[in-house]
Structure formats: structure tokens, C-alpha cells
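Predicted model, plus sequence, below.
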Amino acid sequence: MSRKTRKKSQEHGNELLENPEALAEKLSRTEEFIENNKTLVLSVGALLFLLVVGYFGYNYYEKTQNLKAQTDMFQAIYYYESDSLDLALRGDGINLGFIDIINDYSITDAANLANFYAGSIYLKKNDYKSAILYLEDFNAGDLLVQPKAYSLIGDAHMELGEFAEAAKYYTKAANYESNKYFSPRYFMKAALAYENANDIESAKKSYSTIIEKFWDSSEVQNAKKYKARLEKVAS
């Protein structure tokens, strides 16, 4: 807005404040608009009210559902930790299993976590395609579990002989919030998957990343050894 336009706007505002008749005329026009457009004004007001109520209502519903889902999932986690995988997955007829949590509480964080548990169970049961489906539906923003989920998807693809796809997920796990504690391990798995896919250059690159970036990790000696082996074969 130019200085001239801004000054004109300020003068108009001052005129309204200093001239009661002008202000009254302005208010009268507003009242006239509302009077002539009652349906529109009421509809807009009702819509805004419903949006506000709906927003807070949904948040409250989601919160209460999540608390209930966490409570209902307690027994499934117990079965999982006791290695009773079928009971953890499907429930015992009284307590819900992870599949029930996913279906009954789909909007909750608990259902999201149940996807991780279900995927890891299917992986243990050698149902690799189901494992991939559930693990791909899991999404978290933490340092530990999300890369672990990517790595498990990689494991499932390895078992299916889909080595290039496995390498992709191992690399994704390694690069997620990259750190010296977990990334070297995932890069090692990626390198092995690349070797199985006969992508030797990508395998050497994964080993090199460990050597150069994570030189103080426990995996670095093996990375040097395996990279040297690949270079010797290529020469």
C-alpha cells in the first residue's frame, strides 16, 4: 500500500470516529445487508459453528479412542512378548489382537503401532508379503522404530529374493536420522543385498559409507574386508 493510499485510509477512519453521523450510516448499511441476506449470514454462521464444534469434537473422539485402544492392546503386547504370536495377532476370544486393534481403532496411534507388531509377526511366521503390507502401513517419527520397520521390510524382500528392493529399504533405514549406532548395521545389510542383486558398485558404495562416515563403528573392519574382496574380484 502506498503512503498516499495509507494516509487516505487513515483519514477515512478518523472521519468515521469523529463524525457520529458517518459512523451511524456505516452501521446502518451493515444492518441493512444482514437484514437483506439473513439466510446467507445464518448459513455461514452455522457452517463456521459446525466446523469449530466438529474440529474439537473429532480431536476429543480421537484422543478417547486412542486411550481405549492402548488399553485393549495391552494383552496383545503381552502375548507378543511371550512369543504367543497367533494370540497376539488374532486375540483370544476375549482380548483383542493386533488385527482387531487395526480394524476397530484405525484412526489411532495404537492402530499405527499395531501395524508394526502385526508386520513383525508375519515376518516371523514366514508370511513375507503380509509382513510388507502391514509394515508399510506403519509410520513413526522416532529414531529407533521407523528405521527398524524399514529394515524389516528389507528382510521380507530378501526372503522373497527381491534383493534390489531389499537394498532400497535397508538404505532407507540407514539414512533415516543417520547415526553411528544403527546406520552402519543397515548399510552392511544394504551392501549384502546389493551383492545378491549383482549391483557391485552400489555394494562398494555402502561399504565405503561405513568406512568414511562411521569409521569408529564396530562394523568398519568387516566393511573394509568385504569392500577389498569385491575390488579384488573386479580387478
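Right, received. Where do you want to start?

Any regions of the protein where pLDDT drops low?
Counting by pLDDT under 70, the ranges of the chain that qualify are 1-63, 234-235.

got the residue ranges for the strands in it?
Assigned strands in the chain: none (criterion: DSSP state E).

mind listing the helices for this structure?
Using DSSP state H, the helices of the chain run over 3-18, 20-36, 38-72, 74-81, 85-90, 98-104, 109-124, 128-136, 145-159, 163-175, 183-196, 200-213, 220-234.

measure the nearest residue to residue 216 once chain neighbours are set aside to residue 146 for me?
Setting aside the residues directly before and after it, residue 216 is nearest to residue 180 in space (CB to CB, 6 or more residues apart in numbering), at 6.7 Å. (Each C-beta comes from the backbone N, C-alpha and C, glycine too.) Distance, residue 180 to residue 146, using CB to CB, to the nearest Å: 18 Å.

More neighbours: these two, which one.
Neighbour tally, residue 180 and residue 146, criterion other CB atoms under 10 Å: the higher count belongs to residue 146, 18 against 14.

now that one, nearest residue through space, not along the chain?
Closest to residue 146 by CB to CB, 6+ apart is residue 140, at 4.5 Å.

Same question for residue 150.
Once flanking residues are discounted, residue 150 sits nearest to residue 173: 3.8 Å by CB to CB, 6+ apart.

Touching, that neighbour and residue 144? I think so.
No. Residue 173 is beyond contact range of residue 144, at 10.8 Å (criterion: CB atoms under 8 Å).

quick one, which of the two is more surrounded?
residue 173 (24 against 12).

Against residue 100, how distant is the more buried one?
29 Å.

anything in contact with each of residue 173 and residue 144?
Shared contacts of residue 173 and residue 144 (CB atoms under 8 Å, 6 or more residues apart in numbering): residue 182.

who's in contact with the closest residue to residue 117 other than its chain neighbours?
Nearest in space to residue 117, with sequence neighbours left out and distances taken as CB to CB, 6+ apart, is residue 98 at 4.9 Å. The contact partners of residue 98, taken as CB under 8 Å, 6+ apart, are 73, 76, 80, 88-89, 114-115, 117-118, 121.

Buried ones in stretch 125-143, by neighbour count?
Residues 128, 130-135, 137-138, 140 are the ones in stretch 125-143 that count as buried (16 or more other CB atoms under 10 Å).
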